[in-house]
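Q: my questions are about this predicted structure, shown below with the sequence.
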Amino acid sequence: MKNPSNKTPTYHLSTWMTDLGNTLNNLKLHQLTLPSTHNAGMDKKGIGGPVEGWIACQNDTFPFQIAQGARVFDLRVNARVFNGTLYGFDFFHGPFSSNRSVLGLIKDCNAFFKNDYNTKKHELIILQFQEFKNFRPSDYERLLTQLTQGFSGTGSSTKILPRAASDLTIRDIRSRYAGHNIIIASDKFGSHSDVWNDISHEWIGHDIPSEQELDIFIDQKTQETNQSKLWSLQSVRYKKLYGPLDISDYINKKFKPDAQALINSNIINVDFIENSSIVPYCISVNLYKVERLIDKDTRLNPPYMMNSGMADGAPIS
């Protein structure tokens, strides 16, 4: 494999897609490996009381997750309906909701892009709407209206990348849809032009697998890499009577830069994202995929690691 270490830029976790410049141009989104936060709206700062341990899947807020390099949010939305009146949309895990709302998510995403947009102009944030609770038929339209109005491009808001861009290369997205940084994916909004097809989600099927069971499941799901659309892999474990486990050591081992599981994944959905190296590992394997595409050679060496950090942490060697 060619070693471009002398010509590749350093990157910050918060702006890695932009910092890589034109490097990713020839890939499509479903060919990338993207870091995702499982139950993104259920963080410890948005939940209080004794239920925190069972339901919180992230440590910190949406802005924090974005700054740590997450580019996909796994979202489960609850419609707050009382006596037939809709009061808004928040996020849930099991029977509990957090203090995070869809309006807050929209505000946080817009605030991220508003601050020095030129350094973030090529970041893409995918909102994967995974589950819906207490929704009446009309509430799906109300939620979509909230999203399209919030990401309309007016004022200081960013724009939605439309469904028409779903099979374009990164180069074409950047050239044809400058200023469009938000992707909405769900099967609940019909064939709306602003909504991408639902992202297929691979889950082991129960909350408390052993590490060995999770290992086998991930190996099965990442044997091949011939998907032609976005798909996500849930890589989490729970403990009975407690909740989500911090399996960062396992994530670092299973998705190390030369691992089949990393190379053949598209979206990797994890808890407590900043505790593992999943983001720099995803970046590393994306650069490997670029080289593989250029060389047209499947017998390549393992991917290299770029220098990372500065404001976002220590360099990766």
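A: Sure thing, it's come through.

Q: got the contact list for residue 251?
A: Residue 251 makes contact with 235, 270, 276, 277, 278, according to Cβ atoms under 8 Å, 6 or more residues apart in numbering. All C-beta spots, glycine's among them, are computed from the backbone N, C-alpha and C.

Q: leaving out the residues flanking it, which one is nearest to it?
A: Computed as Cβ to Cβ, 6 or more residues apart in numbering, the closest residue to residue 251 that is not its neighbour in sequence is residue 276, at 4.2 Å.

Q: nearest residue to the middle of this structure?
A: With distances taken as Cα atoms, centre = their mean, residue 72 lies nearest the centre of the chain, 1.5 Å away.

Q: which of the helices or strands spans the nearest residue to that residue once chain neighbours are set aside?
A: Excluding its sequence neighbours, the residue lying closest to residue 72 (Cβ to Cβ, 6+ apart) is residue 36, at 3.5 Å. Assigned by DSSP states H and E, residue 36 falls within strand 34-37.

Q: the following helix or strand past that strand - what's its average pLDDT?
A: Sequence-wise, the next helix or strand downstream of strand 34-37 (DSSP H and E) is helix 52-55. Computed over helix 52-55, the mean pLDDT rounds to 82.

Q: list the buried ones in helix 52-55?
A: Going by neighbour count (16 or more other Cβ atoms under 10 Å), the buried part of helix 52-55 is 52, 54, 55.

Q: got the CA coordinates for it in PDB?
A: The C-alpha trace of helix 52-55 is given here as PDB (Å, rounded to 0.1, in the frame of the first residue of the first chain):
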ATOM      1  CA  GLU A  52     -29.500   6.900  35.200                       C
ATOM      2  CA  GLY A  53     -27.300   3.800  35.200                       C
ATOM      3  CA  TRP A  54     -29.900   1.600  33.400                       C
ATOM      4  CA  ILE A  55     -30.900   4.100  30.600                       C
END
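
Q: list of residues touching that helix?
A: Applying Cβ under 8 Å, 6+ apart, the set of residues contacting helix 52-55 from outside is 39, 42, 44, 47, 93, 94, 96, 98, 242, 243.

Q: let's see that with 7 Å instead.
A: 42, 44, 47, 93, 94, 96, 242, 243 (Cβ atoms under 7 Å, 6 or more residues apart in numbering).

Q: please identify which pair of those lies farthest apart.
A: Using Cβ to Cβ, the contacts of helix 52-55 span at most 15.6 Å, a distance reached by 44 and 94.

Q: give me the more crowded residue out of these two.
A: residue 44 (17 against 14; other Cβ atoms under 10 Å).

Q: surely the more buried one meets residue 56?
A: Yes: using Cβ atoms under 7 Å as the test, residue 44 is close enough to residue 56 to be in contact (4.5 Å).

Q: and the helices in the chain?
A: For the chain, the helices defined by DSSP state H occupy 16-19, 52-55, 62-67, 102-114, 137-150, 170-176, 211-221, 248-254, 260-263, 278-295.

Q: what's the least confident stretch among these?
A: Across those, the lowest-scoring stretch is helix 52-55, with a mean of 82.

Q: and the residue lying closest to residue 186 once chain neighbours are set aside, how far from residue 217?
A: The spatial neighbour of residue 186 that comes closest, neighbours along the chain excluded (Cβ to Cβ, 6+ apart), is residue 129 at 4.0 Å. From residue 129 across to residue 217, the span is 24 Å (Cβ to Cβ, to the nearest Å).

Q: so those two - more neighbours on which side?
A: Shown here are residue 129 and residue 217; by other Cβ under 10 Å, residue 129 has more neighbours (24 against 18).
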